[in-house]
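> Quick one: sequence and predicted model below, then my questions.
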Amino acid sequence: MRLDVLFMSGFEENSLDPLLTTFDFPTPATTVGRRNSTNVPAQSLTLLNGAFPMTQAGNWIRKVPAEMEEETRIEQLFLEALNRSPDERERTAARNFLYASRDEHRKTQEGLKQWSSELDHRRRRLRSLLEPIEKKTARRKGSAFFREARIKRCCCSGGTDRELGFWKRSQ
């Protein structure tokens, strides 16, 4: 197999991937005869919480069918990761982790529904406050003020026109 060019999108030619930088990978512009040996908290935190390991873990878990029975999934994941079946202690820990994850997911979904409901309520309230102003403004449309300056709705960040208000633009 022949490899002509290694190109990582999003990075300049002489810059490094942040994961490599965390593990003291030398910069491409310098020569290093021997790699420094370090062990810092940032390295273990990167392996636990970094974007690359999280992406790879997500890709790995999606390979296992969701319809598969829980015990079978645990077994298969252990076989793929460690090339052995889990012992009873590991199986119990995996089950407890799954239960805790489901519970956390359920609580997050409930919180999201609550925030969504609150947001809808505030949007309705805002509309009810703005409607009388807009009606009054519409009645005055023939006035000199509105002939001299046009009012245009501002719709920048994905919200509705009424939520974001007005801005004036001269003719």
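Great, that's in hand.
> So residue 39 belongs to a helix, correct?
No - the assignment for residue 39 (DSSP: H, G, I helix; E, B strand; the rest coil) gives coil, which keeps it out of a helix.
> roughly how far apart are it and residue 134?
The spacing between residue 39 and residue 134, counted by C-beta to C-beta, to the nearest Å, is 63 Å. All C-beta atoms are positioned from the backbone trio N, CA, C, and that covers glycine.
> who has more neighbours, those two?
A side-by-side neighbour count of residue 39 and residue 134, using other C-beta atoms under 10 Å, places residue 134 first with 13 against 6.
> ok but that one is inside a helix, no?
Yes - residue state for residue 134 (three-state DSSP) corresponds to a helix.
> pLDDT value on it, please?
Predicted confidence (pLDDT) at residue 134: the value is 80.
> Equivalent analysis for the one 10 residues further on, please.
Note on residue 144: pLDDT of 52.
> so how far is residue 77 from residue 62?
Taking C-beta to C-beta as the criterion, residue 62 is separated from residue 77 by 12 Å.
> Which one's more surrounded, these two?
In terms of neighbours (other C-beta under 10 Å), residue 77 is the more surrounded of residue 62 and residue 77; the figures are 16 against 9.
> Leaving out sequence neighbours, find the closest residue to the more buried one.
residue 64 (6.3 Å; C-beta to C-beta, 6 or more residues apart in numbering).
> my guess is the one you found meets residue 70, correct?
No - between residue 64 and residue 70 there is no contact, the gap being 10.8 Å when judged by C-beta atoms under 8 Å.
> The two: who's more crowded?
Neighbours around residue 64 and residue 70, counted as other C-beta under 10 Å, are more numerous at residue 64. The numbers are 14 against 11.
> Next, the contact list for that one, please.
By C-beta atoms under 8 Å, 6 or more residues apart in numbering, the contact set of residue 64 is 73, 76-77.
> All good on my end, thank you.
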